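In: Build the 3D model from these lines:
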Amino acid sequence: MFYFNLKKAKKIITVSNFSKNEIIKYYPHIKEEKIEVVYLASFLKYNENKFSKKKYYLAINSLNERKNIKVIIEAFKLLDPNIYSLKVIGEKNTKVFKVNNYEVFSNVEFLDDVTDASLYIWIVEAKALINASFYEGFGLPALEAMSLYTPCILSDIPVYRELYGENAFFFDTVSANKLAEQVVAMEQTDAYFEICKKGFEFSQKCSWNTTSKRYISIIESYKNKK
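Out: Next up, the predicted model:
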């Protein structure tokens, strides 16, 4: 179905150059000029007078293997539980880890049934957002975190480098040690609020108004073509 939809489409719109290259890679019959890249944006608005930073780090993760939550929890095993704590927003199912003889530690807490309003607070008050995905097409939670003045520690994958380049900390996806080092670096840096500001300023360059105009422009250019 995907093959025929791509073949018949007048234009293909995707969310990153990485995703565009993936389409070309797996569907070589698609001409590159047929694909447009339009970045996403964040709906979240930051109120600097209402919230303050807490000591916890945040991961917004399903337990899908692609999301690589295991390496995040392993990293926090290496860190002092009296200083570093992790909140995971996603389904709590420790059986997933027990299958691999894996243990969830005292400084890791799973938060279930989080509402949109409470999710906003968890993000805005976090010391940093951590995402360890092996594969993403865009990675919107990182942009949403930056739009709430929360810096990001991200897996070193092509799409995150494309989108967040100089505005995030990166680590090897399979190295709990490297992630732990980045968490410590985030904790100890004297430039923490400069990092927050840099990510926030980047996030403000991505707007749904701009994205919408790009979509309208693409659609308008083709609506009269047969």
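In: how about stretch 199-216: buried residues?
Out: 199-200, 202-203, 206 (16 or more other CB atoms under 10 Å). Where C-beta positions appear, they are placed from N, C-alpha and C, glycine not excepted.
In: brain fart, stretch 5-24
Out: Under 16+ other CB under 10 Å, the buried positions of stretch 5-24 are 6, 12, 14-16, 18-23.
In: any idea which of these is least confident?
Out: Among the buried residues of stretch 5-24, residue 6 carries the weakest pLDDT, at 89.
In: going on from the strand or helix carrying that one, what's the next piece of helix or strand?
Out: In the assignment (DSSP states H and E), residue 6 maps to helix 2-8. Next in sequence after helix 2-8, counting helices and strands by DSSP H and E, comes strand 12-14.
In: same for that next one, what does it pack against?
Out: helix 17-26, strand 35-37 (3 or more CB pairs under 8 Å, 6 or more residues apart in numbering; DSSP states H and E).
In: so which of these comes closest to residue 53?
Out: helix 17-26 (30.9 Å; CB to CB).
In: so what's residue 58 closest to, chain neighbours aside?
Out: The spatial neighbour of residue 58 that comes closest, neighbours along the chain excluded (CB to CB, 6 or more residues apart in numbering), is residue 126 at 3.9 Å.
In: any low-confidence regions in the protein?
Out: Counting by pLDDT under 70, the chain shows low-confidence ranges at 91-104, 224-226.
In: what's the domain layout of it?
Out: The chain breaks down into these domains under automatic domain parsing: 2-41+210-222, 56-204.
In: Could you look over these and pick the most buried one?
Out: Stretch with highest mean neighbour count among those: domain 56-204 (a mean of 18; mean count of other CB atoms under 10 Å).
In: hang on, the earlier thing: tabulate the buried residues of stretch 5-24 in a markdown table, adding columns for distance to residue 122.
Out: Listed next are these as a markdown table, based on distance: CB to CB, whole Å:
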| residue | distance to residue 122 |
| --- | --- |
| 6 | 38 |
| 12 | 35 |
| 14 | 29 |
| 15 | 24 |
| 16 | 26 |
| 18 | 28 |
| 19 | 28 |
| 20 | 32 |
| 21 | 33 |
| 22 | 31 |
| 23 | 34 |
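In: what are the ranges of the helices in this structure?
Out: 2-8, 17-26, 69-77, 95-98, 116-125, 140-147, 158-164, 176-188, 192-204, 208-222 (DSSP state H).
In: so which of those helices comes closest to residue 86?
Out: helix 69-77 (4.8 Å).
In: which residues touch the closest one?
Out: The contact list for helix 69-77 (CB atoms under 8 Å, 6 or more residues apart in numbering) reads 57, 59, 61, 63, 84-86, 88, 90, 97, 100, 102-105, 107-108, 130, 132, 173-177, 179-180, 183.
In: when you compare where it runs with where helix 176-188 runs, what's the angle?
Out: 60 degrees (axes from the mean of the first three to the mean of the last three CA atoms, to 10 degrees).
In: mind checking how far helix 69-77 is from the chain centre?
Out: 17 Å (CA atoms, centre = their mean, to the nearest Å).
In: repeat for stretch 124-141
Out: 3 Å.
In: Now the terminal residues of that stretch, how far apart.
Out: 12 Å (CA to CA, to the nearest Å).
In: do stretch 3-21 as well
Out: Stretch 3-21: ends 15 Å apart by CA to CA.
In: ok, residues contacting it?
Out: Under CB under 8 Å, 6+ apart, the answer for stretch 3-21 is 23, 27, 29-30, 32, 34-40, 137-138, 158-159, 162-163, 215, 218, 222, 225.
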